[in-house]
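>>> After the sequence you'll find the predicted model.
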2 protein chains.
Amino acid sequence: MAAPSEPEVIRDKAAMRAWSRRRRAEGKTVAFVPTMGFLHEGHLSLVSTAAAACAGPAAIVVSIYVNPSQFAPTEDLATYPSDFAGDLRKLAATGVVAAVFSPPDLYFRGSARRPADASGNGAISCLDEAGGDGHETWIRVEQLEKGLCGSSRPVFFRGVATVVAKLFNIVEPDIAVFGKKDYQQWRIICRMVRDLDFAIEIIGSEIVREADGLAMSSRNVHLSCGERQKALSISRSLANAKTAALSGNNHSQQIKDQIVQALTEAGGRVDYVEIVEQESLVPVERIDRPSVICVAAWFGKVRLIDNIEIQVPS
Amino acid sequence: MAAPSEPEVIRDKAAMRAWSRRRRAEGKTVAFVPTMGFLHEGHLSLVSTAAAACAGPAAIVVSIYVNPSQFAPTEDLATYPSDFAGDLRKLAATGVVAAVFSPPDLYFRGSARRPADASGNGAISCLDEAGGDGHETWIRVEQLEKGLCGSSRPVFFRGVATVVAKLFNIVEPDIAVFGKKDYQQWRIICRMVRDLDFAIEIIGSEIVREADGLAMSSRNVHLSCGERQKALSISRSLANAKTAALSGNNHSQQIKDQIVQALTEAGGRVDYVEIVEQESLVPVERIDRPSVICVAAWFGKVRLIDNIEIQVPS
């Protein structure tokens, strides 16, 4: 086995774009995996998916950037875990990552102040949005961003779509890989790419789970041992629901009630349990078409999300 | 003089992008002039600006596309003038335009219907936005889009920013030229490009006027002879205001009052007269920094806009 190659660390936007254009000029496919760091096996599987998706010579770029504009001030930006040195080691060990893009900041910050009542559309994030000449351009995918995580996290998808567009314009990839664990995010990015004509193929990568079934997440590190055990109710109830649906018990309300009950009995606080069409994310009354069951629930101070796709044989 | 070269007409998004990438691979600068057609000297000056902006070999692309999403249903999409054959002749005569991008449609149209109350943010344009799987991604430059034309045309800049981003992703230019006649539009595009990290240099091109001073516009064709004479009050009052400001009469309110009076006496119906900072478009009380006077007024059924920049010696 060859020694793992060290990825090149790039901090500057212009340097990143120049790097990418050189690789493409060499005939390589530029494949991009955006992350917020604190990498786990789930992220590394995105890298594997990216590598597998490139037919010929590839240049794989992983970005590590905790995006302030997708966090509300009440959310966990300040405590979001990070371990840059560890991340680099893990990416080097894959042997396929050519560059890590880790910018200090991606936004233009305002110098002048703007009157408080002039801020946009009532949405407030951890990006300072009161600077008069600061960042003020936002991308919204207006239907898909509603419901599911959008209900309890009103600035989240605005921040995600906007930062992903910025990263796309900086990295200029041919392919980008997103995890299906963030199911709504993945669908929103697919729609944004279609609607805005980005020349990028978006690939959804399957959820990676711990041996006991818990979906991998950077936030799992905040779970106590007991909370961690209780949180297994999410993946278990999703798996049970899928089995039930495939055997004909396909009434959404009934299935949702059972999942809510299972999570609550385990000590979780349910944010939502929804069963929706896979592409439109519109709720379905029966699982009689390609659907996905999406769950968000709190265990202790940690909000976890998970989902399971169900392809009904037609 | 060499015979004018015929521009290549491209209708398809993928063909346009492939064309552009080939030209860049040949070492050419791809310069882009987006238009809605019915070309006049103003547009042709944008082409000249584009040609002059390219240091080395250039590939100039002009798009002709009347964008439905920037028109409200009450506006003049249906009567917006067009003359594709004439446009092609004029572009060919410049001898520098290599391609004309003229797509039949740029948007994904929905097949399924969506409940009426689920439409986004109350904004309704001439794009059918009720299709459940249709276009739903919008870019807003939230501060700059307020005021001036944004007040009376609530969907306009949302549509402009979004279609320009789409065109940028399809044409992938190095340089793009916008007319300063649409002053707010130009500033919004500059801000969008900065905020979303498009790798495109935006150039503002000076207003081109008829011999009598009327700013050139595709909509001028709808003016009657009498309206046309009355509309000269716009450029005259702007020129007078600039002279006054540079000679020390720099109170915005006073200047605005004089312009409103001149337009009204000429028989125009004023939409707005505003004096704002050039970059932020924030109103100024005195013209004591780089400012621009912006006017929109109706003459008959035609809404005209015009502006004049004032650089105050510091």
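Received, thanks. Every value quoted in this text rests on a predicted model; they were computed, and no experiment measured them.
>>> Need the per-residue pLDDT for A:Ala116.
The confidence metric pLDDT takes the value 49 at A:Ala116.
>>> Could you do A:Asp76 as well?
Per-residue pLDDT puts A:Asp76 at 87.
>>> Flag every buried residue along stretch A:105-114.
A:106-108, A:110, A:114 (16 or more other CB atoms under 10 Å in any protein chain shown). C-betas here are computed from N, CA, C, even on glycine.
>>> Dump the C-alpha coordinates for it into CSV.
Coordinates of the C-alpha atoms in stretch A:105-114 are reproduced here as CSV (Å, rounded to 0.1, in the frame of the first residue of the first chain):
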residue,chain,number,x,y,z
ASP,A,105,-13.9,33.6,6.6
LEU,A,106,-16.1,33.5,3.5
TYR,A,107,-18.3,36.6,4.0
PHE,A,108,-17.8,40.3,3.4
ARG,A,109,-18.3,42.0,6.8
GLY,A,110,-19.9,45.4,6.9
SER,A,111,-18.0,48.4,8.3
ALA,A,112,-20.9,51.0,8.3
ARG,A,113,-23.9,50.2,10.5
ARG,A,114,-27.3,49.9,9.1
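>>> What lies in contact with it?
The contact list for stretch A:105-114 (CB atoms under 8 Å, 6 or more residues apart in numbering or on different chains) reads A:13, A:65, A:67-69, A:127-128, A:130-135, A:163, A:166-167, B:143, B:194-195, B:197, B:280.
>>> Kindly report the same for stretch A:304-314.
For stretch A:304-314, the external contacting residues (CB under 8 Å, 6+ apart) are A:149, A:180-183, A:207, A:215, A:217, A:219-220, A:231, A:234-235, A:238-239, A:241-242, A:245-246, A:250, A:278, A:287-298.
>>> Sort out which of the residues you listed are in strands and list them.
Mapping the contacts of stretch A:304-314 onto strands (DSSP state E) picks out A:291-298.
>>> Present the buried residues of stretch A:105-114 as TSV; the columns should include distance to B:Arg158 and secondary structure.
Below are those laid out as TSV (distance: CB to CB, whole Å; DSSP: H, G, I helix; E, B strand; the rest coil):
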residue	distance to B:Arg158	secondary structure
A:Leu106	23	coil
A:Tyr107	21	coil
A:Phe108	21	coil
A:Gly110	22	coil
A:Arg114	20	coil
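>>> packing partners for the lowest-mean-pLDDT helix or strand in chain A?
Within chain A, no helix or strand scores below helix A:149-152, which has a mean of 93 by mean pLDDT, DSSP states H and E. Helix A:149-152 is packed against helix A:156-171, helix A:183-196, strand A:269-277, with contacts defined by 3 or more CB pairs under 8 Å, 6 or more residues apart in numbering or on different chains; DSSP states H and E.
>>> now the shortest one against strand A:291-299, angle please.
When you say that, I think you mean strand A:269-277. Orientation check (axes from the mean of the first three to the mean of the last three CA atoms, to 10 degrees): strand A:269-277 against strand A:291-299 gives 170 degrees.
>>> Give me the residues contacting strand A:269-277.
Outside strand A:269-277, the residues within contact range by CB under 8 Å, 6+ apart are A:147-148, A:151-152, A:252, A:255-256, A:259-260, A:263-264, A:282-284, A:287, A:289-299, A:303.
>>> Turn the buried residues of stretch A:105-114 into CSV, including distance to B:Leu44.
Rendered in CSV, the data for those read as follows (distance: CB to CB, whole Å):
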residue, distance to B:Leu44
A:Leu106, 38
A:Tyr107, 38
A:Phe108, 34
A:Gly110, 38
A:Arg114, 39
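>>> Which parts of chain A belong to which domain?
As given by automatic domain parsing, the domain ranges for chain A are A:8-205, A:218-309.
>>> which one of those domains has the lowest average pLDDT?
Confidence, taken as mean pLDDT, is least for domain A:8-205 of the domains of chain A (a mean of 93).
>>> Next, the buried residues of the helix or strand harbouring A:Ala14.
Take DSSP states H and E as the rule and A:Ala14 turns out to sit in helix A:13-25. In terms of neighbour count (16+ other CB under 10 Å), helix A:13-25 has its buried residues at A:13, A:16-17, A:19-20, A:23-24.
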